[in-house]
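> One predicted model, sequence on top.
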Amino acid sequence: MAKNDRVRNIGIAAHIDAGKTTVSERFLYYSGKIHQIGEVHDGEAKTDWMEQEQERGITITAAAVNFDWNKHEIRLIDTPGHVDFTIEVERSLRVLDGAIIVFCAVGGVEPQSETVWGQADKFNVPRLIFVNKMDRVGADFNKVVAEVRERLGAVAIPIQLPMGAESEFEGAIDLVAMKALIDSGDPKDPVTVGDIPAAMKDAADEAREALLEGVSDVDDAIAEKFLGGEEISDGELQEAIRQACISCRAVPVLCGTALRNKGVRPLLDAVIRYLPSPLEVPPITGVDPEDTTKEVVREPKDSEPLAALLFKVAMDDGRKVVFLRIFSGVLTPGMEVLNVRTGKKEKVARLFETHANKRQRIDKAGAGMIVTATGLKTATTGDTLCDPKHPIMLERIDTYEPVISTAIEPETNAEKDKLDFAIGKLVEEDPTFVVREDEDTGQTIISGMGELHLEIMVERLRREYKVNPRVGKPQVVYREAVTSDAVGEAEFERELKDTALYGNVSCKVAPRERGAGSTFEVRVPGADEIPEVFVEAALQGLRDAAQSGPSGYPLEDVAVTLTKMSYREEAQPSLGLRAAASEAFRKAARDANPIKLEPIMEVEITTPEESLGAIIGDLNQRAGHILDVGARGNKSIVQAKVPLANMFGYSTKVRTISSGRAEFSMRFAAYDSL
């Protein structure tokens with residue numbers, strides 16, 4: 001086991017088809033972890049181990065692998081690029097110390113790239129940029145760097161200069177050491193380090209000057225020397241870049257073509273050189289579970305009390321396996337840990353290091369390690385596991401609300417229990433996969449992040465759990481909002497056996513900005529003289545009723561004000577006020593001109609120019625709102641917002657109208673009415 005200063009916990013993330021998994025596969029090959037390169041398009045990449053990943057050529061689940069490079073241990077998570085599986089990226093970045101964001105040299109900053117970048121920003125993850133596919137027609141390194149700066153607002157600092165592009169791409173010039181790094185393309189050949197070709201000397205000097213300027217903007221010591229015309233050593237420059245990267249003040253940019261085996265080994269060197277070890281990231285901060293106003297800090301040391309975050313659950317032949325990032329302390333098999341969410345203690349049965357779908361047992365795991373464990377029966381995604389004598393609660397992992405649903409039922413009544421069991425296991429694995437029973441029809445409804453998400457889940461039911469359910473057509477998950485102010489008043493009076501119930505409540509509802517959330521406040525004359533328990537009962541009645549709108553869909557972005565309440569001391573005020581408040585809210589909501597909100601998707605289509613008119617015409621038919629039409633190389637780029645309900649089956653349609661030459665990506669934008 002490597003010392004923590006020689007460990008890098010990193011992830012690879014990007015837009016779909018930018019080449020993340022291909023980069024991961026080269027990492028494993030060059031490190032000696034595997035002896036034959038498996039290609040994504042052949043379904044043989046080691047980190048794409050699920051059958052569906054191999055068949056579709058996409059990454060669905062985040063896969064963890066460990067390997068050594070230059071006397072360092074690298075723990076790598078390869079994440080999905082498809083928007084339907086964005087939770088896999090979210091929970092991986094939550095526990096990683098650094099990331100490589102891969103951009104296609106032709107596609108540049110694409111929609112899912114922006115999502116991934118925002119997730120890395122959210123967790124303050126230091127990152128490197130790898131501009132991949134430099135061998136493709138239309139590859140443009142400088143354009144990608146410009147897009148990263150403009151669209152992502154990042155301080156992108158190229159530390160390499162490409163040597164050629166498209167079919168002429170040979171390698172890159174290292175702008176720190178001012179040496180040429182040339183790859184032959186044969187993975188067995190070493191990287192040739194040599195002098196900069198005379199034809200590129202001026203361009204290299206100019207790029208080096210730009211690098212020094214960029215680093216000067218984020219490092220005072222380098223700025224002082226640069227402005228004073230003093231010599232800056234390679235070591236000083238490298239350390240300045242490293243500190244700027246670790247503190248997220250700048251992002252070093254490299255280039256290559258992973259499929260052609262060029263630029264990957266210098267990228268591995270950059271991971272060690274510029275991304276932080278577990279010792280260099282800030283101590284993890286949580287709160288005391290008994291007093292959430294009290295901050296608790298844990299240094300990344302084995303000597304500290306245990307603090308670990310469970311960031312992923314997986315099923316292996318029906319057995320529950322959990323993925324843990326240990327931020328402090330040591331975890332051993334048989335050890336008793338506290339699950340802060342449940343308040344109960346659990347025992348870890350076994351610990352493993354993971355390589356894709358293969359695991360190796362280990363005797364202990366220390367601070368900075370990412371491991372899998374068995375035996376934790378009630379633990380789930382986002383749970384904090386800690387030393388029972390030194391409790392700490394870490395920030396939970398955000399989940400995403402599903403936007404699409406479908407009915408599912410067993411083929412025969414005999415299979416119902418088997419189906420329910422299997423769905424329960426998938427729900428435990430994936431927080432964005434939700435199941436409920438429709439109160440009106442009694443049907444089981446599954447919900448997820450998109451058509452592909454639900455399709456994969458149904459396939460997993462069939463393959464892994466051997467159930468063959470009947471599945472309905474996908475349905476959009478709607479919500480509601482109010483569009484005007486309204487007042488409602490209700491009186492509740494009832495006799496239950498020997499008990500009288502009474503309450504009278506008035507409330508006002510008003511719309512809030514989309515995405516602002518709902519608020520509840522009290523503006524009752526003389527509220528200070530009313531027992532707090534009665535006021536809280538009325539507020540609870542309003543909160544309960546505000547869970548759904550007049551049409552039964554979840555209600556959001558509404559301001560609710562309790563304006564009047566009266567009760568009788570002898571008539572169970574709490575129950576009476578709660579019931580009256582619920583009815584008052586329902587009356588007000590009905591009169592506040594409620595509207596139905598639907599999930600609106602941001603869609604980006606890359607198409608040959610000759611298909612542009614047909615693409616736009618089809619989007620208009622789908623009630624799409626065209627945001628922008630631009631160009632990227634010899635292709636047209638259409639950006640639009642379209643209701644999700646109108647996008648079912650779009651992948652087939654877009655292929656048909658473009659003769660298979662157009663591509664599209666789609667991500668959730670907001671709930672709204674178009």
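On my side now, so go ahead. Residues are numbered from 1 along each chain as shown.

> Specify the local secondary structure of Tyr29.
With DSSP: H, G, I helix; E, B strand; the rest coil as the basis, Tyr29 sits in helix.

> Can I get the longest strand anywhere in the chain as CSV, trimmed to CA atoms?
Ranked by residue count and defined by DSSP state E, the top strand of the chain is strand 594-608. C-alpha atoms of strand 594-608 as CSV (Å, rounded to 0.1, in the frame of the first residue of the first chain):
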residue,chain,number,x,y,z
PRO,A,594,-52.8,26.7,-11.1
ILE,A,595,-50.8,25.5,-14.2
LYS,A,596,-49.2,22.2,-15.0
LEU,A,597,-45.4,22.3,-15.3
GLU,A,598,-43.5,19.8,-17.4
PRO,A,599,-39.8,18.9,-17.7
ILE,A,600,-38.1,21.0,-20.3
MET,A,601,-34.9,19.6,-21.8
GLU,A,602,-31.9,21.4,-23.3
VAL,A,603,-31.2,19.7,-26.6
GLU,A,604,-28.1,20.2,-28.8
ILE,A,605,-28.0,18.7,-32.2
THR,A,606,-24.9,18.4,-34.4
THR,A,607,-25.9,18.0,-38.0
PRO,A,608,-24.6,18.3,-41.6
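
> On the C-terminal side of it, identify the next helix or strand.
Counting by DSSP states H and E, the element after strand 594-608 in chain order, helix or strand, is helix 612-621.

> Return the set of buried residues in that following helix.
By 16 or more other Cβ atoms under 10 Å, the buried positions in helix 612-621 come out as 612, 615-616, 618-619. For every residue, glycine as well, the C-beta is placed using N, CA and C.

> May I see those residues arranged in TSV, with distance to Val148 and pLDDT as well?
Rendered in TSV, the data for the buried residues of helix 612-621 read as follows (distance: Cβ to Cβ, whole Å; pLDDT from 0 to 100):
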residue	distance to Val148	pLDDT
Leu612	26	93
Ile615	27	93
Ile616	28	94
Asp618	31	94
Leu619	27	94
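
> So which of those residues is the closest to Ser658?
Ranked by distance to Ser658 (Cβ to Cβ), those are led by Ile615 at 6.9 Å.

> residue contacts, that closest one?
Shown in contact with Ile615 (Cβ atoms under 8 Å, 6 or more residues apart in numbering): 605, 607, 638, 654, 657-658, 662.

> Please apply the same query to Met335.
Shown in contact with Met335 (Cβ under 8 Å, 6+ apart): 347-348.

> Got phi/psi on it?
With angles defined as degrees, to the nearest 10, Met335 sits at phi -80, psi 140.

> And it, how close does it get to Ala308?
11 Å (Cβ to Cβ, to the nearest Å).

> Equivalent analysis for Ile284, please.
From Ile284 over to Ala308 the distance is 10 Å, taken as Cβ to Cβ.

> who has more neighbours, these two?
Using other Cβ atoms under 10 Å, the more surrounded residue of Ile284 and Ala308 is Ala308, with 30 against 21.

> Let me know the next secondary structure element after the helix or strand where that one lies.
Ala308 belongs to strand 307-316 when assigned by DSSP H and E. With elements assigned by DSSP H and E, the helix or strand that comes after strand 307-316 is strand 319-328.

> So for that following strand, mean pLDDT?
Mean pLDDT, strand 319-328: 88.

> next one: stretch 194-205
Mean predicted confidence for stretch 194-205 is 94.

> repeat for stretch 75-87
The average pLDDT for stretch 75-87 rounds to 69.

> Likewise for stretch 295-311?
For stretch 295-311, mean pLDDT is 92.

> which secondary element of the chain has the worst mean pLDDT?
Lowest by mean pLDDT, DSSP states H and E among the helices and strands of the chain is helix 51-56, with a mean of 46.

> next helix or strand past that one?
Beyond helix 51-56 toward the C-terminal end (DSSP H and E), the next one is strand 63-69.

> Return the distance of the next helix or strand after that following strand from the chain's centre.
Later in the chain than strand 63-69, the nearest helix or strand by DSSP H and E is strand 72-78. How far strand 72-78 lies from its chain's middle: 19 Å, per Cα atoms, centre = their mean, to the nearest Å.

> need the longest helix for the chain.
If you go by DSSP state H, the chain has its longest helix at helix 573-591.

> ok, how many other residues are close to the nearest residue to Leu331 once chain neighbours are set aside?
Excluding the flanking residues, the one nearest Leu331 by Cβ to Cβ, 6 or more residues apart in numbering is Ala365, at 4.7 Å. Counted with other Cβ under 10 Å, the neighbours of Ala365 add up to 27.

> Report all helices and strands that the host helix or strand of Ile101 contacts.
Element membership of Ile101 [criterion: DSSP H and E] is strand 98-104. Using 3 or more Cβ pairs under 8 Å, 6 or more residues apart in numbering; DSSP states H and E, the elements in contact with strand 98-104 are strand 7-14, helix 20-30, helix 111-122, strand 127-132, helix 141-152, helix 264-274.

> Mind telling me which of these the model trusts least?
Taking the mean pLDDT of those, helix 111-122 comes last: a mean of 82.

> Helices along the stretch 451-600 of the chain, start to end?
Here the stretch 451-600 of the chain has its helices, by DSSP state H, counting those that start in this stretch, at 451-464, 532-545, 573-591.

> by how many degrees do the longest one and helix 532-545 diverge?
What that stands for is helix 573-591. When axes from the mean of the first three to the mean of the last three Cα atoms, to 10 degrees is applied, the directions of helix 573-591 and helix 532-545 differ by 40 degrees.

> list the buried ones in helix 573-591?
Neighbour-count burial for helix 573-591 flags 573-589, 591 (criterion: 16+ other Cβ under 10 Å).

> now the helices for the stretch 101-250 of the chain?
Ranges of helices within the stretch 101-250 of the chain are 111-122, 141-152, 201-216, 220-227, 234-246, based on DSSP H, counting those that start in this stretch.

> State the number of residues packed around the nearest residue to Leu76 once chain neighbours are set aside.
Nearest non-adjacent residue to Leu76, counting by Cβ to Cβ, 6+ apart: Val65, 5.2 Å away. Using other Cβ under 10 Å, Val65 has 23 other residues around it.

> Check the contact between Val65 and Leu28; I expect there is one.
Yes: contact criterion Cβ atoms under 8 Å: Val65 and Leu28 qualify, at 6.4 Å.

> JSON lines for the helices of the stretch 451-600 of the chain, including mean pLDDT?
Formatted as JSON lines, these follow (pLDDT from 0 to 100):
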{"stretch": "helix 451-464", "mean pLDDT": "84"}
{"stretch": "helix 532-545", "mean pLDDT": "94"}
{"stretch": "helix 573-591", "mean pLDDT": "94"}
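
> how about the strands of the stretch 301-450 of the chain, start to end?
In the stretch 301-450 of the chain, strands defined by DSSP state E, counting those that start in this stretch lie at 307-316, 319-328, 336-339, 344-347, 350-355, 358-362, 370-374, 384-386, 404-409, 434-437, 444-448, listed in chain order.

> do you know which of those lies nearest Val264?
Per Cβ to Cβ, nearest to Val264 of the strands of the stretch 301-450 of the chain: strand 350-355, 18.9 Å.

> looking only at pLDDT, what's the mean for the closest one?
83.

> In the sheet, which strands lie alongside that strand, parallel or antiparallel?
Strand 350-355 pairs in its sheet with strand 358-362 (antiparallel), strand 370-374 (antiparallel), by DSSP bridges.
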